[in-house]
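Engineer: Got a sequence here, can you build the structure:
(one chain, ligands or ions: 1)
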Amino acid sequence: MNSIHKILDTGIQKLKKGNISSSVLDAEIILSNILNIQKEDLILEKKIYVSNDEAERFYHLINRRLKKEPIAYVLNKKEFWNDNFFVNKNTLIPRPETELMVEKIINYSKDKILRILDIGTGSGCIIISLLKELKKSKGVGLDINSRALSVAKINLIKSKLSNRLRLVNRSIDDYNDTKFDIIVSNPPYIERNQIKNLMEDIKYYEPKSALDGGNDGLDVIKKVIYKSRTILKNKGLLAIEIGKGQDKKVSQILRNNKFREKFLIKDYQSNIRCILSILNF
Ligand code: GLN
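Structural biologist: Next up, the predicted model:
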């Protein structure tokens with residue numbers, strides 16, 4: 001048996017030595033997960049001891065974090081909207097700016113009966129969060145990567161939305177369904193030659209296919225827009241997440257394809273990161 005504080009402190013020191021800047025927070029998150037208690041309770045739980053087995057698991061996860069593996073992959077979970085999503089290295093880790101897009105779509109769509117398509121669903125975080133709130137709507141989550149889709153499947157089962165959400169393992173190039181009211185996508189949009197400059201956590205662990213947007217970062221964004229023009233209902237909504245500094249170019253592509261801008265969403269650093277537009281033939 002080991003004292004909770006001693007274990008925690010050893011974990012923190014290991015991470016500090018490994019130059020993990022969030023050492024205290026990360027060690028606390030890992031330990032509270034293993035002990036199945038709230039992080040805030042760690043300091044209060046003076047009487048709790050950590051079994052040898054729990055200590056071993058703790059150090060194992062600390063060692064993974066030491067190699068810069070993102071905490072979401074270490075714990076196989078990430079909070080998004082109102083839920084914890086299962087994640088692993090086959091999917092992008094859900095991001096807070098994507099929640100802003102989800103929020104806007106929910107407010108725009110309240111109480112309507114809609115068919116929603118999520119292109120490149122990854123963990124399924126977007127479409128699952130939307131359908132949980134929009135209880136009369138149905139959706140499809142599309143992903144070219146079958147391993148990512150297996151992750152979405154786990155989240156779908158957890159969410160109990162199987163009667164309203166279908167997951168399809170196909171490329172957007174080969175997908176031609178009847179028309180949707182809303183299409184949403186957080187496509188890969190990083191310029192290929194910028195991937196090497198991303199944080200180590202991201203570039204060594206998150207799937208390249210979820211990040212790489214081709215030479216100008218716009219390859220998949222363009223595909224999503226062109227396809228949406230044919231499978232979105234007239235007056236339907238296209239919500240697309242974009243990279244920093246891509247807004248002018250993407251707006252132009254949208255205008256050229258009969259989309260009219262409805263909302264622009266800025267991230268917490270005031271960059272335009274999501275464009276919601278209406279198809280208007
Ligand atoms: N739709 C998923 C998300 O927003 C995955 C996106 C991606 O892989 N580019 O997290």
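Engineer: Around the ligand, pick out the residues from the stretch 51-200 of the chain.
Structural biologist: Along the stretch 51-200 of the chain, the residues adjacent to the ligand under the rule Cβ under 6 Å from any ligand atom are 92, 94, 98, 120-123, 125-126, 186-188. C-beta coordinates here come from the backbone N, C-alpha and C atoms, glycine included.
Engineer: ok, of those, which one's closest to residue 279?
Structural biologist: Nearest to residue 279 among these: residue 187, at 17.6 Å, using Cβ to Cβ.
Engineer: In the stretch 51-200 of the chain, where is pLDDT below threshold?
Structural biologist: The stretch 51-200 of the chain contains no residues with pLDDT under 70.
Engineer: so what's residue 152 up against?
Structural biologist: 91, 121-124, 128, 141, 143, 167 (Cβ atoms under 8 Å, 6 or more residues apart in numbering).
Engineer: Please report how far the spatially closest residue to it that is not a sequence neighbour lies from residue 94.
Structural biologist: The shortest distance from residue 152 to any non-neighbouring residue, by Cβ to Cβ, 6 or more residues apart in numbering, is to residue 124 (3.5 Å). Distance of residue 124 to residue 94, computed by Cβ to Cβ, to the nearest Å: 10 Å.
Engineer: what touches both of the two?
Structural biologist: Here residue 124 and residue 94 share the contacting residues residue 85, scored by Cβ under 8 Å, 6+ apart.
Engineer: Give me the more crowded residue out of the two.
Structural biologist: residue 124 (31 against 24; other Cβ atoms under 10 Å).
Engineer: Inside helices: which ones of the residues of the stretch 51-200 of the chain next to the ligand?
Structural biologist: 98, 125-126 (DSSP state H).
Engineer: Most distant residue from the centre of this structure?
Structural biologist: Farthest-out residue of the chain from its mean C-alpha position, per Cα atoms, centre = their mean: residue 1, at 37.9 Å.
Engineer: circling back: which of the ones in helices among the residues of the stretch 51-200 of the chain next to the ligand are buried? Put it as a PyMOL command.
Structural biologist: Command for PyMOL that selects the buried part of those, burial taken from 16 or more other Cβ atoms under 10 Å:
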select buried, resi 98+125+126
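Engineer: Between the ones in helices among the residues of the stretch 51-200 of the chain next to the ligand, which sits nearest residue 252?
Structural biologist: residue 98 (23.2 Å).
Engineer: Look up the closest residue to that closest one, ignoring the ones flanking it.
Structural biologist: Closest residue in space to residue 98, ignoring its immediate chain neighbours: residue 186 at 5.4 Å, by Cβ to Cβ, 6+ apart.
Engineer: tell me the contacts of residue 16?
Structural biologist: residue 23.
Engineer: Would you mind measuring from it to the ligand?
Structural biologist: Distance, residue 16 to the ligand, using Cβ to the nearest ligand atom, to the nearest Å: 30 Å.
Engineer: Please name the residues that touch the residue of the stretch 51-200 of the chain found nearest the ligand.
Structural biologist: Nearest residue of the stretch 51-200 of the chain to the ligand, counting by Cβ to the nearest ligand atom: residue 122, 2.6 Å away. With contact set as Cβ under 8 Å, 6+ apart, residue 122 has these partners: 91-92, 94, 143, 148, 151-152, 186, 210.
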